[in-house]
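Engineer: Provide a 3D model corresponding to the input given below.
(one chain, ligands or ions: 1)
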Amino acid sequence: MNEGIIRPLIFALCLLTIGFLEASFEYRKRLKKRSERWPANISIIVLGTIIVKLIFPMGAVGVAYWCEVNNFGLFNWLGLSYLPKFILTIIFLDLVIYYQHVLTHKIPFLWKFHQVHHSDRDLDITSAIRFHPVEIVLSMMLKTMVISLMGADAKGVLVFELILSSMAIFNHANLYIHPRLEKLLRYVFVTPQMHIIHHSEEQFESDSNYGFNFSFWDRIFKTYTESWKSKAVIGQRMYQRDKDQELVSLLKQPFIK
Ligand SMILES: [Zn+2]
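Structural biologist: From the prediction side, this is the model:
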């Protein structure tokens, strides 16, 4: 089985499984019905995926494979053996994604595009895929650059991409998890109860819990928030109207002064 089949298959399986779980064990009462949010959230990722496939036909795994074949990038120059290269690829890419996420909040130009993800008024599995196409393209540019400079392991990149998309679906899910289990999971992974704090309308909370996969980056870099104190509204103050949530409005949001 090649990457072209594995990735969409695991992605669809995760959406279905976690979607079923969040429908059965709801964490917060939804403001809006699925039918009112899902068309825009799904359309924007379809658009972004088409654009990114046109600009980067090789994909992230393809770039890593090219580096391996052509002996390019730090890990290949150092002649790292398979296992350290595989593990370092996953850990280093996760650190880069953490840091990229911090920058999308700190740099005003990047925030304009990232706020499309944050203006969702509910959180569920489709929030995980609601990103402006420009943010997806910029993030792919950074990712392919980092992968080639580090000479990442192609299988490591594939596993990282699978972990990232599955974990994004999991930690945006409107899923109740028993507090004892959630606390245990949170030692290593980002849980929905940890990530929802990052989607608070209050900036002192949204400026924390930036991690996507492993929870330790937030602890190491002191951006970790344990509990959701404000219990504030999810989303952005200026985008609380229904019409702000339509596809065309989402695409226009970064360009509104
Ligand atoms: Zn964010």
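Engineer: where does pLDDT dip in the stretch 51-200 of the chain?
Structural biologist: In the prediction, the stretch 51-200 of the chain carries no residues with pLDDT under 70.
Engineer: which stretches in it count as helices?
Structural biologist: Taking DSSP state H, counting those that start in this stretch as the criterion, the stretch 51-200 of the chain carries its helices at 59-69, 74-77, 82-106, 108-118, 133-150, 154-172, 179-186, 192-198.
Engineer: closest one to Lys33 among those?
Structural biologist: Lys33 lies closest to helix 154-172 among these, at 17.4 Å (Cβ to Cβ). Yep, even glycine has a C-beta here, placed from its N, CA and C like the rest.
Engineer: tell me the confidence at Lys33?
Structural biologist: Looking at Lys33, its pLDDT stands at 89.
Engineer: elements contacting whichever strand or helix holds Ile10?
Structural biologist: With secondary structure defined by DSSP states H and E, Ile10 is part of helix 3-24. For helix 3-24, the packing partners by 3 or more Cβ pairs under 8 Å, 6 or more residues apart in numbering; DSSP states H and E come out as helix 154-172.
Engineer: so how far is the helix it packs on off the chain centroid?
Structural biologist: Centroid separation between helix 154-172 and its chain, computed with Cα atoms, centre = their mean, to the nearest Å, is 9 Å.
Engineer: and what of stretch 222-239?
Structural biologist: In terms of Cα atoms, centre = their mean, the centre of stretch 222-239 is set 17 Å apart from its chain centre.
Engineer: related to what we said a few turns ago, list the buried residues of the helix holding Ile10.
Structural biologist: In terms of neighbour count (16 or more other Cβ atoms under 10 Å), helix 3-24 has its buried residues at 3, 7, 11, 14-15, 18-19, 21-22.
Engineer: want to throw those residues into CSV with pLDDT?
Structural biologist: What follows is those, written out as CSV (pLDDT from 0 to 100):
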residue, pLDDT
Glu3, 71
Arg7, 85
Phe11, 91
Cys14, 95
Leu15, 95
Ile18, 97
Gly19, 96
Leu21, 97
Glu22, 95
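Engineer: as CSV, these with distance to Arg30 would be great.
Structural biologist: Listed next are those as CSV, based on distance: Cβ to Cβ, whole Å:
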residue, distance to Arg30
Glu3, 35
Arg7, 29
Phe11, 23
Cys14, 20
Leu15, 17
Ile18, 16
Gly19, 13
Leu21, 15
Glu22, 10
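Engineer: out of those, which is nearest to Leu123?
Structural biologist: Glu22 (9.6 Å).
Engineer: hang on, the closest one packs against Asp124?
Structural biologist: Yes: Glu22 is in contact with Asp124 according to Cβ atoms under 8 Å; the separation is 6.0 Å.
Engineer: so what sits against both of those two?
Structural biologist: Contact with both Glu22 and Asp124 is made by residues 173-174, according to Cβ atoms under 8 Å, 6 or more residues apart in numbering.
Engineer: next one: stretch 113-131 to chain centre, how far?
Structural biologist: Centre-to-centre, stretch 113-131 and its host chain are 10 Å apart (Cα atoms, centre = their mean).
Engineer: correction: stretch 57-75
Structural biologist: Put simply, stretch 57-75 sits 22 Å off its chain's centre (Cα atoms, centre = their mean).
Engineer: got the CA coordinates for that stretch in CSV?
Structural biologist: The C-alpha trace of stretch 57-75 is given here as CSV (Å, rounded to 0.1, in the frame of the first residue of the first chain):
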residue,chain,number,x,y,z
PRO,A,57,2.8,17.6,-6.2
MET,A,58,5.6,15.7,-4.4
GLY,A,59,4.1,16.1,-1.0
ALA,A,60,6.1,16.2,2.3
VAL,A,61,6.9,12.4,2.2
GLY,A,62,8.1,12.8,-1.5
VAL,A,63,10.5,15.5,-0.5
ALA,A,64,12.0,13.4,2.3
TYR,A,65,12.3,10.5,-0.2
TRP,A,66,14.1,12.7,-2.7
CYS,A,67,16.6,13.8,0.1
GLU,A,68,17.2,10.1,0.9
VAL,A,69,17.9,9.1,-2.7
ASN,A,70,20.1,12.2,-3.3
ASN,A,71,21.9,12.1,0.1
PHE,A,72,20.7,15.6,1.0
GLY,A,73,20.1,17.2,4.4
LEU,A,74,21.7,17.0,7.9
PHE,A,75,20.6,13.5,8.9
